[in-house]
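Make a model of this:
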Amino acid sequence: MHLSPHHDALTKKLGTYWIFLGVSAGKKGRQPRATPRTILDFTGETINWRYPGKIVDAFHASHEKLADLGILEDFSDIEPLNRGKGYFERWLDTTLTVKLSSNLWQIAGKRKVRKTSIAKRLHPAQPNYEFRVPATVSDIQKNPRIISEFRTKRYLRQKELARVVGVSRQTMSKYERGLQTIPEDRARTIIRII
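Residues are numbered from 1 along each chain as shown. Alright, predicted model coming up:
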């Protein structure tokens, strides 16, 4: 999570907690559930009994941030129904349920990659997949995702391909994401490699 440890510490801790809980609950086919008291104990947050609303507001704001980051899909029962007298004690022991984003669970099983030389991965004996090789420089400039697709198919790291092309890994990353236009000479080199 790309969060500041100084300003977003509670959000990071809550995200970690829900993901840990989500893994174990997901194995049982359930959604993660916990009480705010348990969560606050895990995160190490002290309960300020004098200003309980601040804790509830920070708790809710952190969950909103997690939703914005794409970690949570739903956290509807985080906010107490009302903030009347004695609500905080009841809220601390209320069971909360969240729905984690399905993107967290769509991690494909990784294959074991044999350590082979870059030359063998660039030029395997018999490719067992269809891959559209860009014909012109403009093809690769218009659709730079071809580069990452090629790397994925050949089990190449960005750093390795960048070294062969003669650029830094950061520059190769910018090329692949379309943040920086690929110069003609570099595009020709990439096409030759592909």
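
low-confidence ranges in this protein?
1-7, 76, 103-132 (pLDDT under 70).

hey, where'd the helices end up in it?
9-27, 36-43, 52-68, 87-92, 118-122, 137-142, 145-154, 158-165, 169-177, 184-193 (DSSP state H).

Contacts made by the longest one with the rest, please.
Right, the one you point to is helix 9-27. 1, 3, 5, 31-34, 39, 42-45, 58-59, 62-63, 65-66, 69, 71-72, 98, 100, 104-105 (CB atoms under 8 Å, 6 or more residues apart in numbering). C-beta coordinates here come from the backbone N, C-alpha and C atoms, glycine included.

hmm, 6 Å instead?
1, 3, 32, 39, 42-43, 58, 62, 65-66, 71, 98, 100 (CB atoms under 6 Å, 6 or more residues apart in numbering).

circling back: and of the helices of the chain, who's closest to Pro80?
Nearest of these to Pro80, taken as CB to CB: helix 87-92 at 4.4 Å.

Now find how far off-centre the closest one is within its chain.
For helix 87-92, the separation from the chain centroid amounts to 33 Å (computed by CA atoms, centre = their mean, to the nearest Å).

And for stretch 187-194?
Mean-position distance between stretch 187-194 and its chain equals 30 Å (CA atoms, centre = their mean).

ditto for stretch 30-40
The answer for stretch 30-40 is 22 Å, by CA atoms, centre = their mean.

Just the closest of the contacts of helix 9-27 to Val165, please.
The shortest approach to Val165 among the contacts of helix 9-27 belongs to Met1, at 31.3 Å (CB to CB).
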